[in-house]
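In: Below are the sequence and a predicted model; questions follow.
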Amino acid sequence: ESTRRAESLLKLLGKMISPDGAREVLVSSGHWLPHESIRMHQSGVTQSFPENVSLAAEELAKGAKDAEDPDQAIRQDLTHLKVFMIDDVGTREVDDGISVEELGEGRVRIWAHVADPSSWLQPG
């Protein structure tokens, strides 16, 4: 019954009857943030943090804004690319991804994205 109602709603809204169509509706209606995905929800990945954790992160971020980036000279802004995470389904640290950039004339560039939090965070 709920599947039939969801399909009817997606049709009414002119969306694909697919997980992508459902996600698009959830994001555009403000129920999900743009970075959320169905797989994240199915895996139980938390979308929010307790207030004390958020406050601690904000304090750390204040100091990080003035920190010097040792890799600044080679860093590129790739936020315009859609990155597909390739970590194992059981991973506790989602930090590896790939993306494809169209260069024109049938050429593409494949990017490998690997997070390096240890360059910014100290143990403990």
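Out: That came through, no problem. Residues are numbered from 1 along each chain as shown.
In: Please write out the alpha-carbon positions of the helix or strand where residue 39 lies in CSV.
Out: Using DSSP states H and E, residue 39 maps to helix 38-43. What follows is the C-alpha trace of helix 38-43 in CSV, where atoms were taken according to Å, rounded to 0.1, in the frame of the first residue of the first chain:
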residue,chain,number,x,y,z
ILE,A,38,18.8,6.6,0.5
ARG,A,39,21.8,4.3,1.2
MET,A,40,22.9,6.5,4.1
HIS,A,41,19.5,6.2,5.6
GLN,A,42,19.3,2.5,5.0
SER,A,43,22.7,2.1,6.7
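In: And the average pLDDT for stretch 93-105 is what?
Out: Averaged over stretch 93-105, pLDDT sits at 89.
In: residues making contact with the worst-scoring helix or strand of the chain on mean pLDDT?
Out: The helix or strand of the chain with the poorest confidence is helix 38-43; it has a mean of 78 (mean pLDDT, DSSP states H and E). Contacts made with helix 38-43 from outside it, assessed by C-beta atoms under 8 Å, 6 or more residues apart in numbering, are listed as 19, 22-23, 47, 89. Backbone N, C-alpha and C define where each C-beta goes, glycine included.
In: and these, which are buried?
Out: 22-23 (16 or more other C-beta atoms under 10 Å).
In: Between which two of the contacts of helix 38-43 is the distance greatest?
Out: Longest distance between any two of the contacts of helix 38-43 is 20.4 Å, between 22 and 89; criterion C-beta to C-beta.
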